[in-house]
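Engineer: build me a structure from this.
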Amino acid sequence: MTIFTMSYSINRRPLLEGVSDSEFEDDLETEADDPNISVPDEKPFLKQYEPSDKYNLAYIVFYVLGINTLIPWSFFITADDYWMYKFREIHKNSTKNINYSHVENLEKKTDLQASFTSYISVASALPNTFFLILNAFISKKISLRVRMVSSQCTILLFFILTTIFVKINTDKWQGTFLIITLTTVACVNAASAIFGGSLMGIVGRFSPKYITAMSSGQALGGIITAIAEICSLWIGASPVLSGLVYFIIGDVMLFLSLIAYVILEKVAFFKHHMVEKLPENVEADYSITGEVTFPQGTTISYTRIIKRIWHYGINVFLVFFISFSVYPALTVLVESQCKGKGYAWNDIYFVPVVTYLIFSCGDYTGRILSGIFQWPKNKPWQVVLLSLMRVIFIPAFIFCNAQPRHHLSVYIHSDLYYILITIAFAISNGYLCNLSFILTPTVVDSQEKEIASIMIGAFLGMGLISGSAFSLFMVKAL
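Structural biologist: Residues are numbered from 1 along each chain as shown. Take a look at the predicted model:
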């Protein structure tokens, strides 16, 4: 009877209510001493607590960084009147140049004026695409801090140089100024590719909320640029003054972006997500097979990553190829049906508002929507199919009132229809673009997320340059 009582007491004691904490701890210690009993360790669980994003600082900084990925290119393109002024025809011993206006810009173009947009497009697209691809292979050889800080400093320095040239008289050496400008554009876009590609690698480690912040920031940069152009037209600013304002705004935003990133690196929330399972400073073996082998034995294979993300890579390529086939080369040629009747909206504001502002707002809306819900999810082929369906926008814009025309007729005359097409075009662009940014990190291992997101940037660059080249054909086909 005594033996039974002892056994009974041992079996039911932990289940009794009212047992003191000290007695219960004694039982745990006894069980822990038994090698056959496994007791969970609570300390690692507590240490894995994720720091919070205080004041949404990281979220705001990703917005700012996203804005600055496209601000340089946007301001170079938007300052069209300034470039036309710099490359205008020079009349010796004449004061005619002082009264240079937007109308003269449109009606009397020199060879340099007519070709400058094409020159700047090539000078932007080629280095941007090359360095987006290169960035995918140097991401593990050059530290993230070096890539982010040095690229932003490079962009800022060249942008300051561009700002200085605004107030320098280049009339007697326009050819040399053209070479300097195109070299500057190439260097800025090369650095922007490293900056933008690295930023995509960073946000690939975060939740969709932060990926959307970066992506939405890119669209917001287009909105800011469009508003700056509209305000410039509204106040009647001279080409030199508008160019100076554009570039000073760019200088300020680039400087704030650099400071914001330096601050972000010190935030605990950022550090928590950027912790590498494999130390970033360890030396790795880079083989010709496209693999990176670390001393710990873990291998990152570029081939394996591409096999996992190629659906989303093709999607990003298609999105930007289709978009840049018509935007802005073709859409900027679409005129209001009431142009020439003396209304400021139709003659002055139609193109900057519809082509740039409405498109940027629609693009921004699409990126926000994809951050709220991701559909289709886990079905990459459906995402690719949706992107392929966007090809219908190419003939839609061709049949709008784009001028001048030589071969095809206009079938869509209404401004309203053109605006509705632009809205659908822009929203689908933003939605499908950001959807790939969000879903790409979900199909690779944790140590591969950064490289996978950088590779998506390379697909983006290839779509951009292919679409830009195809747009030249589209314009000629009108």
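Engineer: give me the number of residues near the closest residue in space to Tyr364 that isn't next to it in sequence?
Structural biologist: Using Cβ to Cβ, 6 or more residues apart in numbering and skipping the chain neighbours, the partner closest in space to Tyr364 is Ala219 (3.7 Å). All C-beta atoms are positioned from the backbone trio N, CA, C, and that covers glycine. Neighbours of Ala219 under the rule other Cβ atoms under 10 Å: 27.
Engineer: contacting residues around Ala219?
Structural biologist: Ala219 sits next to Ser360, Asp363, Tyr364, Arg367, Gly430 when contact means Cβ atoms under 8 Å, 6 or more residues apart in numbering.
Engineer: what score does it have for pLDDT?
Structural biologist: In this model, Ala219 is scored at 91, pLDDT.
Engineer: can you give the distance of whatever helix or strand it lives in from its chain's centre?
Structural biologist: Assigned by DSSP states H and E, Ala219 falls within helix 208-235. Centroid separation for helix 208-235 versus its chain: 11 Å, with Cα atoms, centre = their mean, to the nearest Å.
Engineer: buried set for that helix?
Structural biologist: 208-226, 228-230, 232-233 (16 or more other Cβ atoms under 10 Å).
Engineer: Leu464 is in contact with Leu126, correct?
Structural biologist: No: under the criterion of Cβ atoms under 8 Å, Leu126 makes no contact with Leu464, lying 10.5 Å away.
Engineer: the two - which one has more neighbours?
Structural biologist: Taking other Cβ under 10 Å, Leu126 and Leu464 do not tie; Leu464 has more neighbours (21 against 16).
Engineer: the more buried one contacts Ala125, doesn't it?
Structural biologist: Yes: contact status for Leu464 versus Ala125: in contact at 6.1 Å, counting by Cβ under 8 Å.
Engineer: ok, Phe76 to Phe459 distance?
Structural biologist: Distance from Phe76 to Phe459, counting by Cβ to Cβ, to the nearest Å: 23 Å.
Engineer: now the helices for the stretch 201-350 of the chain?
Structural biologist: Ranges of helices within the stretch 201-350 of the chain are 208-235, 239-264, 268-274, 302-326, 344, 350, based on DSSP state H, counting those that start in this stretch.
Engineer: about what we covered before: who wins for neighbours among the contacts of Ala219?
Structural biologist: Busiest of the contacts of Ala219 [other Cβ under 10 Å] is Arg367, holding 30 neighbours.
Engineer: quickly find the element holding that one.
Structural biologist: Arg367 belongs to helix 359-372, assigned by DSSP H and E.
Engineer: could you pull out the buried residues of that helix?
Structural biologist: For helix 359-372, burial by neighbour count (16+ other Cβ under 10 Å) applies to 359-371.
Engineer: and for Phe206, nearest residue in space, chain neighbours not counted?
Structural biologist: Nearest non-adjacent residue to Phe206 (Cβ to Cβ, 6+ apart): His273, at 5.5 Å.
Engineer: isn't the one you found up against Gly204?
Structural biologist: No: using Cβ under 8 Å, His273 and Gly204 do not qualify as a contacting pair, with a distance of 10.0 Å.
Engineer: out of those two, which sits in the more crowded spot?
Structural biologist: In this view His273 and Gly204 are compared by other Cβ under 10 Å, and Gly204 has more residues nearby, 26 against 16.
Engineer: contacts only, for the more buried one.
Structural biologist: By Cβ under 8 Å, 6+ apart, the contact set of Gly204 is Ile211, Phe437, Thr440, Pro441, Lys449, Glu450, Ala452, Ser453, Ile454.
Engineer: isn't Met214 right up against Gly201?
Structural biologist: No: contact criterion Cβ under 8 Å: Met214 and Gly201 do not qualify, at 10.8 Å.
Engineer: how about the CA coordinates for the helix or strand following the helix holding Arg367, as PDB?
Structural biologist: On the C-terminal side of helix 359-372, the closest following helix or strand by DSSP H and E is helix 380-389. What follows is helix 380-389, C-alpha atoms only, in PDB (Å, rounded to 0.1, in the frame of the first residue of the first chain):
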ATOM      1  CA  PRO A 380       3.400  32.400 -61.900                       C
ATOM      2  CA  TRP A 381       2.100  31.400 -65.300                       C
ATOM      3  CA  GLN A 382      -1.100  33.300 -64.700                       C
ATOM      4  CA  VAL A 383       1.000  36.400 -63.900                       C
ATOM      5  CA  VAL A 384       2.900  36.000 -67.200                       C
ATOM      6  CA  LEU A 385      -0.400  35.600 -69.000                       C
ATOM      7  CA  LEU A 386      -1.800  38.800 -67.600                       C
ATOM      8  CA  SER A 387       1.400  40.600 -68.700                       C
ATOM      9  CA  LEU A 388       1.100  39.200 -72.200                       C
ATOM     10  CA  MET A 389      -2.500  40.500 -72.400                       C
END
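Engineer: in helix 380-389, what's buried?
Structural biologist: In helix 380-389, counting by 16+ other Cβ under 10 Å, buried: Pro380, Val383, Val384, Leu386, Ser387.
Engineer: where does confidence bottom out across the contacts of Gly204?
Structural biologist: Glu450 (87).
Engineer: how about that one, nearest residue that isn't a chain neighbour?
Structural biologist: Nearest non-adjacent residue to Glu450 (Cβ to Cβ, 6+ apart): Gly201, at 4.0 Å.
Engineer: now the one you found: how far from Trp73?
Structural biologist: With Cβ to Cβ as the criterion, Gly201 and Trp73 are 20 Å apart.
Engineer: which ones are touching Pro224?
Structural biologist: Quick fix: residue 224 reads Ile, not Pro. Residues in contact with Ile224 (Cβ under 8 Å, 6+ apart) are Ile67, Ile71, Ser74, Ile249.
Engineer: that concludes my questions; thank you for your assistance.
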